[in-house]
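# After the sequence you'll find the predicted model.
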Amino acid sequence: QKAILDWELKRSPGGCWMGMNPLDGDGVADKNVTSCMYALIESDDIEINLQATLLAKLPVPIVAIIHSGGRSLQALVKAAAKSIDQYNKEVIKLFERLVDFGVDIKNKNASRMCRLPGVYRGAQPQRLVYLNPEPSTGSIL
């Protein structure tokens, strides 16, 4: 039997995605989201070290940061909205604060997919770089 740490990451040219919020199994649209737990912050236009600095300094409850295996970091921000309407209002406020920093405002929808850590995207790993299941509303640093 192989040891738990003796496994290979799956490889795919396009990598792999996961839903950041639970879905009902009948589709992948906002109407299929069963719980609005997380919002996604990402930017392909900012150099990755600047992305890391921005994410570390933002006063938002970041649960996880995932390296996309490409040119971005993806931050899952705790939303915990009671409804899709509340989620949309909260996310619009969040993105209004971040748009001047170059954050991709297309990532507003609750059914958005994010990169799955533990899979290769081409030659680069998609990997978890930060995890805090109980984040505060303060910055990481």
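Received, thanks.

# When you work out contacts or count neighbours from here on, use the C-alpha atoms and nothing else.
Will do.

# Listing request: residues of this structure with sub-threshold pLDDT.
By pLDDT under 70, the weakly predicted segments of the chain are 1-9.

# outside of the top helix by length along it, which residues touch it?
Looking across the chain with DSSP state H, the single longest helix is helix 84-98. Helix 84-98 is contacted from outside by 30, 36, 39, 79-81, 103, 105, 108-110, using Cα atoms under 8 Å, 6 or more residues apart in numbering.

# which among those gets closest to Leu50?
Using Cα to Cα, Val103 comes nearest to Leu50 of the contacts of helix 84-98, at 11.5 Å.

# Helix, strand, or coil at the closest one?
Secondary structure assignment for Val103 (DSSP: H, G, I helix; E, B strand; the rest coil): coil.

# Met20 - how many residues pack around it?
Residues within reach of Met20, counting by other Cα atoms under 10 Å, total 21.

# for it, what are its contacts?
Counting by Cα under 8 Å, 6+ apart, Met20 has contacts 37-39, 76, 110-114.

# Same check on Leu141?
With contact set as Cα under 8 Å, 6+ apart, Leu141 has these partners: 56-57.

# Quick check: it vs Lys31, distance?
Plainly put, Leu141 is 36 Å away from Lys31 if you go by Cα to Cα, to the nearest Å.

# returning to that earlier point: chain center to the longest helix of the chain: distance?
15 Å (Cα atoms, centre = their mean, to the nearest Å).

# in that helix, what's buried?
The neighbour-count check on helix 84-98 (16 or more other Cα atoms under 10 Å) flags 84, 87-88, 90-91, 94-95, 98 as buried.

# Same question for stretch 43-59.
Neighbour counts over stretch 43-59 (16+ other Cα under 10 Å) mark 43, 46, 48, 51-52, 54-56 as buried.
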